[in-house]
Each structure stands twice: as C-alpha cells, then as structure tokens.
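Give me a 3D structure for the following:
(chains A and B)
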Amino acid sequence: MKSEYKILILAFLLATITLLQTSLSARDIIVDKNGNVNSIKKGLRLCQIGDRLIVKKGYYKERDIEINKSVQIIGEDFPVVDAQFKSGLFHIRADGVRIEGLVIKNSAMSFVSEYAGIKIDSAKNCIIKGNKILYNYFGIYIAFGADCIIDSNTIVGRTSKSETTSGNGVHLWYSKNITIINNKISKQRDGIYLEFSENSTIENNISEDNLRYGLHFMFSHRCVYKRNIFRRNVGGVAVMYTKFIHMYNNKFENNWGPASYGLLLKDINDSEIKFNLFHENSTGIYLENSMRVKLEKNNFIDNGWALKIRSNSMDNDFTDNNFIDNTFDVSTGSKHNFNTFRKNYWSKYSGYDLNHDGYGDVPYKPVGLFSAIVENNSPAMILLRSLFIQILEVAEKVVPAITPVKLEDVQPLMRRVK
Amino acid sequence: MNTILKIIKYELRDVIRSKWILIYFAFLFLITEGMFQFSGSSSKVLLSMINIVLILIPIITISYGIIYMYSSREFTEMLLAQPIKRKTLYTGLYSGLALPLSLAYLGGVGIPFIIHGVDESGQFTVLLILLMSGVALSFVFTSLAVLISLSSDDKVKGLGIGIFVWLFMAVVYDGALLFGSYLLSEYPLEKPMLGMTMLNPIDLARVLLMLKFDMSALMGYTGAVFKKFFGSPYGMLLSSGMLMLWIIVPYLIGKRIFVRKDF
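Here you go, the predicted model:
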C-alpha cells in the first residue's frame, strides 16, 4: 500500500515537471503537408503556450483557425492558407500571438460576419509580419486589441466593383497603441480604417487603388500618420470626428474624380498637418467644420483645387505652404474668412518685392472670381478657361466684389519654400 | 478640278509672298518652342496651348482672312473676266486661304512637339485633338471671313464686323451663358448648357479640349454629364458634325453670294 502511494506521488511529480518544462521552454512544432502534422489546426492542438508552429511550404485548405494560446506561427517559403471563400481564416483570441510569412487568402464575403484574413479579438501584443494577405473580405481586422504591430504585409483585396461587397485592408475597432508600418495595401474598400482607435502609429505604408478611401478614420484621437503614400484611391483619404492628429511627410497623389479628395477633413480639431505632398488630386484638402488645424510646409502641386474650405471651418492656420500650378488655389462658400494665411508661396502671385525681404508687398488673394462663381453655380464650370472668365478675373483682382476681401495672404513668399 | 488647283497654287504663292503667313508660323513656333524651354513638361505646354488655340487662332484667322479678301479684290475681279466658273474660283479662293493658315498652325505647333515629343502616350490623343480643333477653327473662321468680306464692300466695315463676330463668340457669348445660368440657377442646367456650347465653335473646341485634359473631374456632376456625352461616339459625332456645320454653312452662303454678286 505504502509503496503504491510512493509510486503514485512520484508519477504525479514527474508529470508536473514535464508539464512545467514544456510550458517554460518553447518547442518547435513542424506542420508539413507530407508529415504527421499535416494541418495548422492539428499543429495548434499540439502547441503549448510559447511554442512555435513552423509551417512548411504547401497548400493548406483551412479556415476558422482559432488561436487561443500565445503561440508563434511562422511560414517557411510562404505556405498558402486558403479559405476557399467559405469563411474567415485566422482568429486570434490570445495575447502575444505572432503570425509571419504566410500567404493568407480567399476569406468569404458576408454581410453578417466580418470574415477576415486575420482577425484579432480582444488580444494584446500580437505581431503580424511579412504576410501576403490576398483576396480577402477584410485583410486584418482588430477589435478591442492593444499594443499590436502590423508590419511589412502585402494586402490585396479582390477586384470587387462595389464598396458593399469589399472589406477594409486593415480595420481597427476600439483598439489602442497599434503600429501599422511598411505595409502595402490595395484594392480593398478602405486601405486603412480606424474607428474609436487611439494612440496608434501609421507609418510608411502604401495604400493605393482602393474602392473608397486610402485611409479612413473616425473618433480615433491622438494618432500619428507619417511617410505614407495614398494614391489613386477612388475617394482619396477621408478623416472625420477626430482630435489631435499628426500627419507628417505623407504623399496624397492622383486621387482624381468628381467625388475624390486628396484629404477630406470633417470635424478634425487641434491637429497638425505638415510636410505633406498633395499632387494631382481633384481637391487637395477639403475642410469641413474643422478647427485649429495647423498646416505648415505642405506642397500643393497640380491639383484641381488646392484647398476647399467650408465656411464652418475656423482658426485654421496655413503657413509656409507651396501652392503651385493648381487650377484653383482656394475656394470657399463664404464671403468672410476665419482662417489665417501667412507666408505661403503662390505660383500665381504676380506682385513685387521692392525692399527685397522675400515677401511680396501686395497681399495675395487666393480665392479667384471663377472659383467663387462655380461654388454657387456649378454648371458655370463649363466656362473654365474661357476668355470671358479670364477678363473677369483681372477685373475682380482690381476691384473685388464677389470674392472674400479678407481672405488674403499679407506676406506671400516670392520664392517657394524648400 | 485642275483650275481649282491652279488658283490654289497661285494663292499659296501669293500668301507666302506676303510673309504674314510666315510670321504667323514663326510666332506659333516660337511660342510653343519657348514654352517647352521654360516649362519642360509637355503636359503644361499642351495646357497653355489651349489658350493660344482658342483665343489667337480665331482672331488672327478672321482678321487676316478679311484683309486678304479685300486686298486681293482686284485680282479676283480680273480672274472673273477669264473663262472660269465662279464656283471654281470661289473654292480656289477659299482653299488658298484656309490651307496655308491651317498648315502654318500645324507646323508652328506641331514641329516643336515632334522635336520634344510627349511625356506620356496618353497625351498623344490630347495633342491630336488640339491640332484637329485648331485646324477646324481655322476653317470655321476662314469661312466666316470670306462670308463677311463678300457681304460688305466697305473694307473698314467688314473688318469691324469680323472683329465683332470674334468678340461675340469668344467673350460675349460666354458672358451671356454665365448670366443665363445665374438667372435659371434653380433648374438643372447641365443639358441646356451643353446644347448652348455646341452652338459656338470656340466653346465647342474648348469643352472638347477640357474634357480630354480630364478637367471633367473638376466639374463634378456637370463634368460627368459632359464627359458621358462627349465621350460617347454619338457625342463625338455630333460635336464634330457641329464644327463641320460651322465650316460648311458660312462657306455655302458665301458661295451663293459670290456666284450672284455683281462685282
């Protein structure tokens, strides 16, 4: 009887030790199409917390892969995981999960569920790196996540024609401290979408050819956007209802169409937009109900309208910007002006600088007569570049009657800002 | 046919000898070449050339045409004494005027583009439309010039009417259009405006060029309507048909006057 007890205790101890060992030292579990463990789901069942799941090259028809423990899934030579348009793919519910080097494709379209290539649900410290996330409804979907990093992924949506049947490339919902860096996103609905997501950094991404916006956020305060490129998106970039945004060194290019904007600001307050390039957009920046935004050292080149400012936008500050070869520099619906323009360079400025201090001696009025006319009477746009309009513009410059008198740059620069 | 060619040949020699056509050519060439030197990109040159085409070609063509018709009046009368059909003479006179003007334009604007090329292949169609609408405008305003000079024997009066016609089409018409669009701003005006621009050759050429430059995006809904119309084969056919009408109708009226006129 006694010896039996001893053996039992010994066995129990041994078992706990081995268990402890496995959980402390991470193991590598190999998933191979031709091996014992031939699916990711099988591999995940064998995994303990902290293990690495190495996925060998191959074609894995798997979907609804639930990850409930902190593991790393690493692909070798880009194994393909295909949901065959039946449902979603990876579903992360644990902290500290890492997914790297996979091709994740073909999640289903649904009007009920947000089927995604990778969905992170209420998890922290996850890393999604270097994956190719192709033809999914949503690319990466993070809900209630925090401190995650999305790095160097290529996300390509299916070539859907309508906004409703396509999801977003990177979708953030009630998340915090997310870093989205070095990704290339195209052909989704919105390239990057944030809602109620704060303190995030979006850096060095390329978001192009999306069905709606390259970047779209709402109620996402204190985020930083740096060195991103947003081009050829059907709607451009639209950001709404947000405070304390910092946008630096981004490029907004070729967002061209009747309802396209380089950057549409709606209810954006106390933010900074600096060193950005707006090139060949039908509207460079559209400001609606936006207050105390500082716009400095941006380049507006070859846009239809460089700026469209609704009269409910106040106390915005435009300093040291270059306005070069835009069809219209500024357009506004109001005869009043509540914003300041100082020390900008305007390529259309024809004044002089007698004392050679670098500032023109005559104020520049960036709202032309024709842009004021078109604002109230859009069919008149058909007279664009008519000789009659050009004569009127000259007359208006001499004696302003229609354009807002106070909207002017009193110190227009003679040379462009470097 | 042979007689027409002979008259054209003589006129060509005469027009070139007067040097104005060469100055016109040199002027266009220098402007285009100069723009290439200063701006460097062919898209900007194309955009600037719109102004040249739309403003300069009509005024230069109509005033030169009228002046030429009056100054060669005696020669025309001398030819009338010869056994030549009046219709033949008229065709010869007209082509002898319209062809050198068009050629000077094509050369003056086209050669710099041949030298420098266009940046993107997409601009090639824009260049083509630019050249074609310039030639069409040259023909339209030659027709008008011939018609005006035939309908009035007074040189000063003829020139005055010519300049007024140009002023009306280039400036007054657009002013009236703008005024009208304000008066009726409650109504959807896209289609009426479209119809109105079709009636003025300068406006027609301008809108065609604007749409080729993809300015339609700036025009919002209006632009979408225009683009849909002008982009369709039907719209293209109709607008080039309208330009043809602007050439043919004054030409035929002028012919009628010329045939019946008691010189």
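
residue ranges with poor pLDDT in the stretch 201-350 of chain A?
Of all residues in the stretch 201-350 of chain A, none has pLDDT under 70.

Near chain B, which residues of it? Just list them.
A:W256, A:G257, A:P258, A:A259, A:S260, A:S282, A:G304, A:W305, A:D325, A:T327 (Cβ under 8 Å from any Cβ of the partner chain). The C-beta positions use only the backbone N, C-alpha and C, and glycine is treated the same way.

can you do 7 Å?
Within the stretch 201-350 of chain A, the positions near chain B by Cβ under 7 Å from any Cβ of the partner chain are A:W256, A:G257, A:P258, A:S282, A:G304, A:T327.

now, which of the residues you listed sits nearest A:L46?
Proximity of these to A:L46 (Cβ to Cβ) peaks at A:G257, which lies at 51.8 Å.

from memory that closest one sits against A:G236, does it?
No: using Cβ atoms under 7 Å, A:G257 makes no contact with A:G236, being 8.4 Å away.

Of these two, which one has the most company?
Set A:G257 next to A:G236 and count neighbours by other Cβ atoms under 10 Å in any protein chain shown: A:G236 wins out with 33 against 20.

so how far is chain B from that one?
Plainly put, A:G236 is 11 Å away from chain B if you go by Cβ to the nearest Cβ, to the nearest Å.

Need the nearest residue in space to that residue, chain neighbours excluded.
A:N255 (3.5 Å; Cβ to Cβ, 6 or more residues apart in numbering or on different chains).

dump the residue contacts of A:R93.
A:E66, A:I67, A:N68, A:D121, A:S122, A:A123 (Cβ atoms under 7 Å, 6 or more residues apart in numbering or on different chains).

Check which helix or strand the first one maps to.
To tie it back to what came earlier, the one meant is A:E66. Using DSSP states H and E, A:E66 maps to strand A:65-67.

Pull the residues that contact that strand.
Strand A:65-67 has contacts (Cβ under 7 Å, 6+ apart) with A:I40, A:K41, A:L44, A:L89, A:F90, A:H91, A:I92, A:R93, A:A94, A:V97.

Following the chain past it, name the next helix or strand.
Downstream of strand A:65-67 (by DSSP H and E), the next one is strand A:72-75.

which neighbours does that next one have in its sheet, and in what orientation?
strand A:52-55 (parallel), strand A:98-100 (parallel) (DSSP bridges).

quick one: the helices in chain B?
B:2-17, B:20-39, B:42-51, B:57-71, B:73-80, B:86-116, B:122-151, B:155-167, B:173-183, B:190-198, B:201-212, B:220-231, B:233-260 (DSSP state H).

okay, the ones you listed in JSON lines with distance to A:S311 next?
Below are those laid out as JSON lines (distance: least, Cβ to Cβ, whole Å):
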{"stretch": "helix B:2-17", "distance to A:S311": "57"}
{"stretch": "helix B:20-39", "distance to A:S311": "35"}
{"stretch": "helix B:42-51", "distance to A:S311": "31"}
{"stretch": "helix B:57-71", "distance to A:S311": "40"}
{"stretch": "helix B:73-80", "distance to A:S311": "62"}
{"stretch": "helix B:86-116", "distance to A:S311": "43"}
{"stretch": "helix B:122-151", "distance to A:S311": "36"}
{"stretch": "helix B:155-167", "distance to A:S311": "37"}
{"stretch": "helix B:173-183", "distance to A:S311": "21"}
{"stretch": "helix B:190-198", "distance to A:S311": "26"}
{"stretch": "helix B:201-212", "distance to A:S311": "28"}
{"stretch": "helix B:220-231", "distance to A:S311": "19"}
{"stretch": "helix B:233-260", "distance to A:S311": "37"}
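
Return the most buried member of those helices.
The highest average neighbour count among these, using mean count of other Cβ atoms under 10 Å in any protein chain shown, belongs to helix B:201-212 at a mean of 24.

So which elements touch that helix?
Here helix B:201-212 touches helix B:122-151, helix B:190-198, helix B:220-231, helix B:233-260, going by 3 or more Cβ pairs under 7 Å, 6 or more residues apart in numbering or on different chains; DSSP states H and E.

mind listing what residue 91 touches?
You didn't pick a chain, so chain A it is. Remark: with contacts taken as Cβ under 7 Å, 6+ apart, A:H91 is in contact with A:D64, A:I65, A:E66, A:I67, A:K119, A:D121.

ah, no, chain B please
B:I4.
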